[in-house]
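Trainee: could you look at this predicted model? Sequence included:
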Amino acid sequence: MLRTHTCGELKKEDVGTYVTLCGWVQSRRDHGGLIFIDLRDRYGTTQVVFNPEKQKRSFDIADTARSEYVAQVEGTVLGRPDEMVNPNLTTGAIEVEGQAITVLNESQTPPFEIESDQEAERAINEERRLTYRYLDLRRPRVKRNIVVRHEMVRFIRNFLSDRKFLEVETPLLTKSTPEGARDYLVPARQHPGTFYSLPQSPQQYKQLLMVGGIDRYFQIAKCLRDEDSRGDRQAEFTQLDLEMSFVERDDVLDLVEEMMITLIEHLNERGYIKKRILQKPIPRLAYDDVMLRYGIDKPDLRFGLEISDITEMVNGCGFAVFADAVKKGGVVRALNARGAGDVLSRSHIDELTELAKKHRAKGLAYIKVKDGGELDSPIVKFLGDELSGAIVKKLGAHAGDIIFFGADHHLIAEEALAYVRLDLGRRLNMIDPEVIALSFTIDFPLFEPEMVDGHYAPMHHMFTMPRKEDISLLDTDPLKVKSWQYDLVINGNETAGGSIRIHVPDIQQKIFDLIGFSEEDEKNFAHMLEAFRYGAPPHGGMAPGIDRILMLLLDEPNIREVMAFPKTGDGSDLVIGAPAFVDPKQLKELGIQSLTPNP
Ligand code: ASP
């Protein structure tokens, strides 16, 4: 037996036991003739002390040990005197008197310190961490993330298995899927000239599983979309993919709601996270409503700062920017940044104006309410005192508040004020880091408000069912059609999307027509229509993003931190060195010629 205990488990009760431990040398300290080694493994750290008077040979070997050497240590557990107990260590009440030590493997000096405080950690270049990810994984933070990831996935597996879900694996070598990103292609050796696509999600397979009578399916599924990586996005990521038969929207939402709440409670109870769910049950908010109040379909509900519509009030007013926007069929919206007057300087307001412009607005009008109620704003003289006063009243603004306005096509006004609101939430310190705000956005339009190349573009994907009462609108006014799409939003991030699906071939065909499918496109998805002709049950599902949810639960700044082997922004795996040139023989076998020859 190489070890009797791990480095994280010995307690006062073990005093007197003879133990064998294995691990990495965290540190070696020479103190007044004694050598102290902190031995670390996944479970913790144990202090081992070597005394030359008792074990000269072991002392000499311990003296040669260096950081990250792998060692096996034998000895007796000793209690530490009360005043020496280290409350920060699970093993802080004991130490091991080292009676034998074997170096199992040496280590070069690591390129960065394995155990370091947060300050030091931030200073380590991320590329370096990713190049030596196997060393980075030894560090407490990454290790914690991997542990919590496991705990989350295990919880989900149990939760769904207890509710009759079957975990089914679906192929990775498949055909183009409909999520709308670029596909990864894999040449098919046995069919020269043809390619498999890696799945952007198991969408079609899970629907086919429903046709197959599986009834309740889930999978911890790898999804692959050939996109540039960002903080919250990787080309290769993991979804909890699920699908259910004979359900309506609220059946799916009820399930996901219970799963999310119990998952967060479970992780809290285990001490892995410290999060207070803002609202239970999880609010289900209509798309039109959130667009109006927050300007965005993934509202951050951790703070208020709601947006109001004042289009009617300013119709025909003396301020041309507002009046023109209304005349052109646009909107005027406003939000009251309570207390911002004391916090935001002129240059802060300029920054917010730049932000609004970045989101297509022409500018950012504002009214500042000064002490005594006097209004400070370049636009008041155009609006007039009466209208200005009425706006201030409608927005409930008082001394110290600033009202910001958006006047434009509703899409632009919404977007600009949405980002101004998010920025204000942060600047005004309105976010409690322990609060987690979940919401479902429901009642999405079936199509994006703006057409693409003269065709309607699905807001979710083309298998999403229009609402029954809107089906006739598909022929007359498709942009008015609402669907059974829904998203799960956490702290202003889209963390899951899903829908009730079309299971009737005629409706599916109609959607193909509206989105401008060519014959070729249709052929690609003909198997779905075909399958629906053999008795497809009504069905629907959802796909929460495991990485993104973990990132939010663990307050990590990006999803790389919650993945064992993430890729860099340009899609490189720095540990393995992927992607890489291949042997020209391999290409030949595949009937492929590269336009970029090997260097
Ligand atoms: N396949 C969808 C996606 O990956 C989710 C779903 O509709 O279940 O976004």
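Mentor: Arrived safely.

Trainee: paired strands for the longest strand anywhere in the chain, with orientation please.
Mentor: Scanning the chain for the longest strand, with DSSP state E as the assignment, gives strand 18-31. Here strand 18-31 is paired, per DSSP bridges, with strand 34-41 (antiparallel), strand 70-79 (antiparallel).

Trainee: all helices of the stretch 451-599 of the chain, in order?
Mentor: Counting by DSSP state H, counting those that start in this stretch, the stretch 451-599 of the chain forms helices over residues 473-476, 505-514, 519-524, 526-532, 546-553, 584-589, given from the N-terminal end onward.

Trainee: what is the shortest one packed up against?
Mentor: Read it as helix 473-476. helix 505-514 (3 or more Cβ pairs under 8 Å, 6 or more residues apart in numbering; DSSP states H and E). For the C-beta atoms, the positions are set from N, CA and C on the backbone; glycine is no exception.

Trainee: other SSEs contacting the helix it packs on?
Mentor: Packed against helix 505-514 by the contact rule (3+ Cβ pairs under 8 Å, 6+ apart) you find helix 473-476, helix 526-532.

Trainee: which parts of the worst-scoring helix or strand of the chain on mean pLDDT are buried?
Mentor: For the chain, scoring each helix and strand by mean pLDDT, DSSP states H and E identifies helix 118-123 as the least confident one, at a mean of 73. Under the neighbour-count criterion of 16 or more other Cβ atoms under 10 Å, helix 118-123 has residue 121 buried.

Trainee: now swap in stretch 157-166 and tell me
Mentor: Along stretch 157-166, the positions that meet the burial threshold by neighbour count (16+ other Cβ under 10 Å) are 159, 160, 165.

Trainee: tabulate the strands paired with strand 18-31 (JSON lines), appending distance to residue 430, mean neighbour count and mean pLDDT.
Mentor: Formatted as JSON lines, those follow (distance: least, Cβ to Cβ, whole Å; neighbours: other Cβ atoms under 10 Å; pLDDT from 0 to 100):
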{"stretch": "strand 34-41", "distance to residue 430": "40", "mean neighbour count": "21", "mean pLDDT": "97"}
{"stretch": "strand 70-79", "distance to residue 430": "49", "mean neighbour count": "19", "mean pLDDT": "98"}
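
Trainee: and these as CSV, adding distance to the ligand?
Mentor: As requested, the strands paired with strand 18-31 are exported to CSV (distance: least, Cβ to the nearest ligand atom, whole Å):
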stretch, distance to the ligand
strand 34-41, 38
strand 70-79, 42
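
Trainee: make a markdown table out of those and add distance to residue 190.
Mentor: Supplementary listing: those in a markdown table, determined by distance: least, Cβ to Cβ, whole Å:
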| stretch | distance to residue 190 |
| --- | --- |
| strand 34-41 | 47 |
| strand 70-79 | 46 |
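
Trainee: how about the ones you listed, which one is nearest residue 441?
Mentor: Nearest of the strands paired with strand 18-31 to residue 441, taken as Cβ to Cβ: strand 34-41 at 44.5 Å.

Trainee: chain center to the closest one: distance?
Mentor: Here the centre of strand 34-41 is set off from its chain's centre by 38 Å, with Cα atoms, centre = their mean, to the nearest Å.

Trainee: who are the packing partners of the next helix or strand after that strand?
Mentor: If you walk from strand 34-41 toward the C-terminus, the next helix or strand you reach (DSSP states H and E) is strand 44-50. With contacts defined as 3+ Cβ pairs under 8 Å, 6+ apart, the packing partners of strand 44-50 are strand 18-31, strand 34-41, helix 56-64, strand 70-79, strand 94-105.
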